[in-house]
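*Asks:* No sequence on hand, only this structure:
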């Protein structure tokens, strides 16, 4: 019997529909992609879909990415899911804050699909 390889799941969390659409286009060949428009929705989706990695915008309405990351990292059920912060602002302070909240990586917009896929591979340890 042939084994069907299931795609790893990526949750894209961004309040900008265009960014979510772009990320879906970049990632859907390789991954099963889910979307959330803010941190609160992301936490709900994570509980049902158990993504392998989360791409999280930092600045969003309702619940920002740092708060959502912190909540996910403090929940035993979700603490092992790598979170990559995706933001337009590459300040050192933001990078340090995201690391303190438990983020596994940091990508600054705009980014190339290669750099994003490399970062995802890095946190998932995919060769």
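*Replies:* Okay, I see it. From a predicted model like this one, the values you see are computed outputs, not experimental measurements.
*Asks:* Summarise which helices and strands the helix or strand of the chain with the lowest mean pLDDT is packed against.
*Replies:* Scoring the helices and strands of the chain by mean pLDDT, DSSP states H and E places helix 92-100 at the bottom, with a mean of 83. Applying 3 or more C-beta pairs under 8 Å, 6 or more residues apart in numbering; DSSP states H and E, one finds that helix 92-100 makes contact with helix 65-73, strand 83-87, strand 105-108. Where you see a C-beta, it was placed from the backbone N, CA and C, and this is true even at glycine.
*Asks:* Any chance of CSV for those, columns mean pLDDT?
*Replies:* Listed next are the helices and strands packed on helix 92-100 as CSV, based on pLDDT from 0 to 100:
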stretch, mean pLDDT
helix 65-73, 95
strand 83-87, 91
strand 105-108, 88
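*Asks:* tell me the contacts of the closest residue in space to residue 11 that isn't next to it in sequence?
*Replies:* Leaving aside its sequence neighbours, residue 11 sits nearest to residue 51 (C-beta to C-beta, 6 or more residues apart in numbering; 4.0 Å). By C-beta atoms under 8 Å, 6 or more residues apart in numbering, residue 51 lies in contact with 9-11, 34, 45, 81.
*Asks:* 6 Å - rerun?
*Replies:* 9-11 (C-beta atoms under 6 Å, 6 or more residues apart in numbering).
*Asks:* try residue 82
*Replies:* Neighbouring residues of residue 82 by C-beta under 6 Å, 6+ apart: 53, 104, 123.
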